[in-house]
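Colleague: Build the 3D model from these lines:
(one chain, ligands or ions: 1)
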Amino acid sequence: MEIMSIITFAVFIFLVFLLHSILKFFSIGIKKLPLPPGTLGWPYIGETFQLYSQNPNVFFASKVKKFGSIFKTHILGCPCVMISSPEAARLVLATKAHLFKPTFPASKMRMLGNQAIFFQQGDYHAKLRKLVLRAFMPESIRNMVSDIDSVAINTLGSWEGRQINTYQEMKTYTFNVALLSIFGKDEVLYREDLKRCYHILEKGYNSMPINLPGTLFHKAMKARKELAQILAKILSVRRQMKQNHTDLLGSFMGDKEGLTDQQIADNIIGAIFAARDTTASVLTWILKFLGENPSVLEAVTNEQDEIIRAKEENNEEKALNWADTKKMPMTSKVIQESLRVASILSFTFREAVEDVEFEGYLIPKGWKVLPLFRNIHHSPENFPEPEKFDPSRFEVSPKPNTFMPFGNGSHACPGNELAKLEILVLIHHLTTKYRWSMMGPRNGIQYGPFPLPQNGLPIKLSRKT
Ligand code: HEM
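Modeller: Next comes the predicted model:
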């Protein structure tokens, strides 16, 4: 009996040793692989200036030309691997997502809230995602169409007869739609306070992260605290009312979910952050592209006029409904093509959680990995004549994994249906009731942080007679 135990123990030790040796062999094997081609630039500074002192596309394009679709560089104090092939982007974002965690600078995480969905993995992330998707899936947002319709009509009415900065005005529109989807239409009590605090937060988000009295960063951190206090008041009113709500806040507050107030606050602030500037930038680009392409504008206007005509003929209510938004194939193609050409999120960030073998190269643990959406959307192999604005190219589906304006995999945008819906509704009213002319220079692009037409695209709007 005793001999049997000794033998079993010896076999066990041998197996442990064997396993350890196999693992070591493979990890050394990985370590022996070369790093991807490319240059790391100066110590610490790396190639940050090369990237940010010019149009970033020039940097990416010249690197791809020199080193191919996967290359290393060093920006903002971090060694990075940039990838621009559709298959590799899919591996990082979807198939091997467990090896690449989402990553943000610590100062930005603190400002948005450490417990916001963007930074999570595993069970907590899956739970948040379920709750966000529940509020933004088509079955939930279809009831919001008439409310978004009113917001769009009021927004456009407020532009009449004056020169406006399209981007700034679109931010007001997308902010109001975001509040509608998060708090429902009855939450008016704290609207102005939410706007004021969010405005201060936004200014600090892109400033130097120096937390000293007087700095934009410090003011933003204070506004962040005040936002959490406002949200606590809204939560307490809702708890007293004991009604069921289908908006995002209602989804987060579900009894079974057990989210803390802090977790709810971080994710509400995160949702506003994800929803507002992204959608506003895309809308701004759409106005530019339509303004520059009269035949496309005419086709969109005809499609939208037809919706009004059909509603009148059938004695339907004037306000748009969900079914109407499904009769807009031309406008939808314009949205797709604008998302492609503008590629407002040029890339996203991940971080290797361990040494990873990737297409024959080593990506060391801790290195950042950046799938370059813009390069994929602007490669002539994926989209012939990529710089041309041509919505008809979406009459056939793009090749797999070549079109990902909303990302891919477990962190792909859960708000994409809402974004498309609010864009369709605004374009409906814009093209059927208004003309606009672009003022000022046509060709410049500014980066702040998303690419935008110069000066936010100043336009003048007038009612059609
Ligand atoms: C046209 C407008 C929009 C674009 C282009 C866009 C794009 C994206 C992209 C590319 C991602 C993935 C980022 C990554 O993988 O690192 C993302 C994530 C996200 N988006 Fe959007 N988005 C838009 C509008 C919205 C809207 C209206 C909402 C509504 C709240 C929203 C909420 C989110 C959230 C919560 C995430 C994080 C998801 C997660 O980490 O699991 N987005 N978005």
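Colleague: does the residue lying closest to Pro453 once chain neighbours are set aside belong to a helix or a strand, and which?
Modeller: Excluding the flanking residues, the one nearest Pro453 by Cβ to Cβ, 6 or more residues apart in numbering is Lys288, at 4.9 Å. In short, each C-beta sits where N, CA and C put it, glycine included. Per DSSP states H and E: Lys288 is located in helix 261-292.
Colleague: same check, this time on Ala310
Modeller: helix 294-313.
Colleague: Next: Lys101.
Modeller: strand 100-102.
Colleague: Could you list the low-confidence segments of this protein?
Modeller: 1-4, 9-31, 255 (pLDDT under 70).
Colleague: Pull out the buried positions in whatever helix or strand comes next after the helix holding Ala310.
Modeller: Using DSSP H and E, the helix or strand that follows helix 294-313 towards the C-terminus is helix 322-325. Residues 324-325 are the ones in helix 322-325 that count as buried (16 or more other Cβ atoms under 10 Å).
Colleague: ok, now stretch 223-232?
Modeller: So, applying 16+ other Cβ under 10 Å, buried residues of stretch 223-232: 223-224, 227-228, 230-231.
Colleague: same check, this time on stretch 189-200
Modeller: Quick answer for stretch 189-200 (16+ other Cβ under 10 Å): 190, 194, 197-198, 200.
Colleague: Any idea how many residues pack against the nearest residue to Lys460 once chain neighbours are set aside?
Modeller: Leaving aside its chain neighbours, Lys460 sits nearest to Gln163 (5.1 Å; criterion: Cβ to Cβ, 6+ apart). Counted with other Cβ atoms under 10 Å, the neighbours of Gln163 add up to 12.
Colleague: do Ile164 as well
Modeller: 19.
Colleague: Wait, it touches Ile459, no?
Modeller: Yes - contact status for Ile164 versus Ile459: in contact at 6.2 Å, counting by Cβ atoms under 8 Å.
Colleague: Distance-wise, check the residue of the chain found nearest the ligand relative to Ile272.
Modeller: Nearest to the ligand, among the residues of the chain, is Gly415, at 2.1 Å (Cβ to the nearest ligand atom). Separation of Gly415 from Ile272 (Cβ to Cβ, to the nearest Å) stands at 11 Å.
Colleague: How about Met330?
Modeller: Taking Cβ to Cβ, one finds Met330 at 31 Å from Ile272.
Colleague: Looking at the two, which is more packed in?
Modeller: Ile272 (22 against 16).
Colleague: Need the buried residues of stretch 223-232 in JSON lines (columns: distance to the ligand and secondary structure).
Modeller: Putting those into JSON lines (distance: Cβ to the nearest ligand atom, whole Å; DSSP: H, G, I helix; E, B strand; the rest coil) gives the following:
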{"residue": "Ala223", "distance to the ligand": "20", "secondary structure": "helix"}
{"residue": "Arg224", "distance to the ligand": "18", "secondary structure": "helix"}
{"residue": "Leu227", "distance to the ligand": "16", "secondary structure": "helix"}
{"residue": "Ala228", "distance to the ligand": "18", "secondary structure": "helix"}
{"residue": "Ile230", "distance to the ligand": "18", "secondary structure": "helix"}
{"residue": "Leu231", "distance to the ligand": "15", "secondary structure": "helix"}
